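Peer 1: Dropping a prediction and its sequence here:
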Amino acid sequence: MLQKTTFLSHSYAKPDGHTLAAYEASGGYTNARKALGMTRDAVVDEVKKAKIRGRGGAGFDCGTKWTFMPKESKKPCYLVVNADEGEPGTFKDRTIMERNPHAVVEGCIIGCFGIGAHAAYIYVRDELHLSKERLWAAIEEARAKGYLGPKPFGIDYPVEVYVQTGAGAYICGEETALLNSLEGRRGEPRYKPPFPAQVGAFGCPTTVNNLETIAVVPTVIGMGGDAFCRLSSLALFNDGGARLFGVSGHVKTPGVFECAVGLTLRELIYDLGGGILGDKQLLAVIPGGSSCPVMLADEIVNVPGDPRFEPYNGKSVLDLPLGVETFRAVGGMLGTCCAIVLSEDADPVLALHNLMRFYRHESCGQCTPCREGCGWIERILDKLVEGHATMDELDQLHRIASDITGNTICAFGDGAAQPVLSFVRKFRKQFEDYVLTGGKSQTKKLVA
Ligand SMILES: Cc1cc2nc3c(=O)[nH]c(=O)nc-3n(C[C@H](O)[C@H](O)[C@H](O)COP(=O)(O)O)c2cc1C
């Protein structure tokens, strides 16, 4: 159901929406003040009731994650906010940082209080220059006003917020690689366990949350967790509230839109995205960043045995509400909820080739299946688009991707394998055409 909201995006249209004055004029910082007057448990309870599924891609429940932090700790605790945003097709966090940075700062104050931390690090991809400038300015303004520092709002709970920049490696968005990078080490993922809540930044208990997850927390405290959750039509699926939906690729009006959870792909592509470029037919969509399996335009929902899916069974996947559980159940993934749209003019072979050049380049090389597998896949795809690949190599693509899956330290490997597995299976004919005719029968030339 298309229900636009403006909790995070209320300031987007205003040229000065990023300033403290504008933020406070719309009620900004009253929620952090309120939270610091509550108990820590009460704050976490509200966040749990809100059923915020982590907006960074994995969709873990935010309130539950906060409960993993120790109640008492001899070591300092930290909040780390993930604003690396390197997933192809994803540009929602940057929009928040540029246009509503005070929501992030306010979210950090509440988040720190909720997990027992006194410092938050916001890890921002270095090339997002305006994002950094806006965050630095917002932190300065909040500090000058006494909202950050030793006594925020006169309350004896010191909070500091720092911006740390990364150097633009996709792997540094993975939470433990991010922690290594934050500490000045090489950005390689760590083994888990121990999880960050046990051993995180600088060996101390840490919660890593996506930037959007943190930015929406003030809204949750303001309206109450239950009320926030009920905005969503997927509360039955433990997926509450409102979130940012992105759409890019072959649509007329790409962008970021804020809506209640429960929006469908059809609404995202045709209502918010303005429909397909040139009024062409929709070929396929990658629902939430490039690491999610591609979905064909004519896929049908079929989830027997779960009464929650009764309204959707037999219908197009385009009419299934976008949620963490709903898309998992149909063999898809919601990811960052930023859809990449492919029109009938797109060549899926070239689109996969393009994506796999990215994954090969970004693999950190720590795990053999990922390091070697991504390179091997890219080489086969190189041959395929040049017209020299064999049918056996087509099958090898599937085998290599399957062997990467589940065999690496972090989820990068699975994220690289998903596009291969889904593209080769769902566009088998187009891939075989490249083997048989060197791609000459393909008249389509657009890459996503
Ligand atoms: C290769 C890779 C890249 C990732 N990049 C990001 C990212 O840029 N931003 C982000 O928030 N999460 C990213 N994640 C997910 C994080 O590891 C982590 O799950 C997330 O920051 C947790 O926040 P959330 O629970 O609020 O979603 C990435 C994961 C992987 C495997």
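Peer 2: Received it, and whenever you're ready, just let me know what you need. Numbering: from 1, shown residues only.
Peer 1: contacts, neighbours, all on C-alpha from now
Peer 2: Will do.
Peer 1: and Cys338, what are its bridge partners?
Peer 2: Gly246 (DSSP bridges).
Peer 1: From the ligand, how far out is it?
Peer 2: Here Cys338 is placed at a distance of 12 Å from the ligand (CA to the nearest ligand atom, to the nearest Å).
Peer 1: how many neighbours does Asn100 have?
Peer 2: Counted with other CA atoms under 10 Å, residues neighbouring Asn100 total 28.
Peer 1: show me what contacts the closest residue to it other than its chain neighbours?
Peer 2: Distances taken as CA to CA, 6 or more residues apart in numbering put His18 closest to Asn100, at 4.9 Å, once the chain neighbours are dropped. Contact analysis of His18 by CA atoms under 8 Å, 6 or more residues apart in numbering lists Ser11, Glu98, Arg99, Asn100, Pro101, His102, Arg134, Ala138.
Peer 1: What count of nearby residues applies to the closest residue to the first one other than its chain neighbours?
Peer 2: Nearest in space to Ser11, with sequence neighbours left out and distances taken as CA to CA, 6+ apart, is Gly17 at 4.5 Å. For Gly17, the neighbour count with other CA under 10 Å is 21.
Peer 1: so Gly17 makes contact with Ala25?
Peer 2: No. Contact between Gly17 and Ala25 fails when scored by CA atoms under 8 Å: they sit 9.9 Å apart.
Peer 1: The stretch 251-400 of the chain: helices as residue ranges?
Peer 2: 265-266, 324-329, 348-362, 368-386, 391-404 (DSSP state H, counting those that start in this stretch).
Peer 1: Deepest-packed of those helices, please.
Peer 2: Of all those, helix 265-266 carries the top mean neighbour count, a mean of 22, counting by mean count of other CA atoms under 10 Å.
Peer 1: tell me the secondary structure for the closest residue to Arg99 other than its chain neighbours?
Peer 2: Sequence neighbours aside, His18 is the residue nearest to Arg99 in space, at 5.0 Å (criterion: CA to CA, 6+ apart). With DSSP: H, G, I helix; E, B strand; the rest coil as the basis, His18 sits in coil.
Peer 1: Please identify the residues of the stretch 51-200 of the chain in proximity to the ligand?
Peer 2: Residues of the stretch 51-200 of the chain that fall close to the ligand, judged by CA under 6 Å from any ligand atom: 54-60, 62, 82-86, 170-171, 173-175.
Peer 1: What about the residues you listed, which are in helices?
Peer 2: Cys62, Glu175 (DSSP state H).
Peer 1: Please check the residues of the stretch 51-200 of the chain next to the ligand and keep the buried ones.
Peer 2: 54-57, 59-60, 62, 82-86, 170-171, 173-175 (16 or more other CA atoms under 10 Å).
Peer 1: can I get the helices of the stretch 251-400 of the chain in CSV with distance to Val199?
Peer 2: Shown next, in CSV, are the helices of the stretch 251-400 of the chain (distance: least, CA to CA, whole Å):
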stretch, distance to Val199
helix 265-266, 39
helix 324-329, 27
helix 348-362, 26
helix 368-386, 25
helix 391-404, 27
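Peer 1: among these, which is nearest Cys292?
Peer 2: With respect to Cys292, and counting by CA to CA, the nearest of those is helix 324-329 at 10.0 Å.
Peer 1: Can you show me the CA trace of the closest one as CSV?
Peer 2: C-alpha atoms of helix 324-329 as CSV (Å, rounded to 0.1, in the frame of the first residue of the first chain):
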residue,chain,number,x,y,z
VAL,A,324,12.4,-8.7,5.0
GLU,A,325,10.4,-11.9,5.6
THR,A,326,8.1,-11.6,2.5
PHE,A,327,10.9,-11.4,0.0
ARG,A,328,12.9,-14.1,1.8
ALA,A,329,10.0,-16.5,1.5
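Peer 1: Any residue of that helix touching the ligand?
Peer 2: No. Using CA under 6 Å from any ligand atom, helix 324-329 never reaches the ligand; the gap is at least 11.3 Å.
Peer 1: residues making contact with that helix?
Peer 2: Contacts of helix 324-329 (CA under 8 Å, 6+ apart): Arg53, Gly59, Phe237, Asp239, Val303, Leu320, Met333, Leu334, Gly335.
Peer 1: any idea of the mean pLDDT for that helix?
Peer 2: In this model, helix 324-329 has a mean pLDDT of 98.
Peer 1: again with stretch 343-356
Peer 2: 97.
Peer 1: Check the offset of that stretch from the chain's centre.
Peer 2: Mean C-alpha position of stretch 343-356 versus that of the full chain (CA atoms, centre = their mean, to the nearest Å) differs by 22 Å.
Peer 1: Could you pull up the contacting residues of Gly224?
Peer 2: Glu46, Ala50 are the contacts of Gly224 under CA under 8 Å, 6+ apart.
Peer 1: Which pLDDT value goes with it?
Peer 2: For Gly224, pLDDT reads 98.
Peer 1: just Cys410 next, same as before
Peer 2: At Cys410, pLDDT is 98.
Peer 1: do Gln442 as well
Peer 2: pLDDT, read off for Gln442, is 62.
Peer 1: same thing with Leu446?
Peer 2: For Leu446, pLDDT reads 58.
Peer 1: go on, Ala13?
Peer 2: So Ala13 comes in at 89 (pLDDT).
Peer 1: State the distance from it to Glu141.
Peer 2: When CA to CA, to the nearest Å is the yardstick, Ala13 and Glu141 sit 21 Å from each other.
Peer 1: more neighbours, the two?
Peer 2: Neighbour count, other CA under 10 Å: between Ala13 and Glu141, Glu141 has more, with 17 against 9.
Peer 1: thinking again about what came up before, any chance of the contacts of His18 in a markdown table, plus secondary structure?
Peer 2: Output for these, formatted as a markdown table (three-state DSSP):
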| residue | secondary structure |
| --- | --- |
| Ser11 | coil |
| Glu98 | helix |
| Arg99 | helix |
| Asn100 | coil |
| Pro101 | helix |
| His102 | helix |
| Arg134 | helix |
| Ala138 | helix |
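Peer 1: Contact partners for Gly406?
Peer 2: Contacts of Gly406 (CA under 8 Å, 6+ apart): Gly413, Asp414.
Peer 1: Distance-wise, check it relative to Cys62.
Peer 2: 24 Å.
Peer 1: Likewise for Lys92?
Peer 2: 18 Å.
Peer 1: related to what we said a few turns ago, and of the contacts of His18, the nearest to Asp433?
Peer 2: Glu98 (44.7 Å).
Peer 1: Model confidence score at the closest one, please.
Peer 2: Model confidence at Glu98 (pLDDT) stands at 98.
Peer 1: So it sits against Arg134, correct?
Peer 2: Yes. At 5.9 Å, Glu98 counts as touching Arg134 under the criterion of CA under 8 Å.
Peer 1: Contacts for stretch 431-442 next, please.
Peer 2: In contact with stretch 431-442 (CA under 8 Å, 6+ apart) are residues 347, 349, 384-391, 394, 424, 430.
Peer 1: Sorry, wrong one. I was asking about stretch 149-163.
Peer 2: Residues contacting stretch 149-163 (CA under 8 Å, 6+ apart): 33, 36, 105, 108-109, 112-113, 117-124, 132, 135-136, 139, 143, 146-148.
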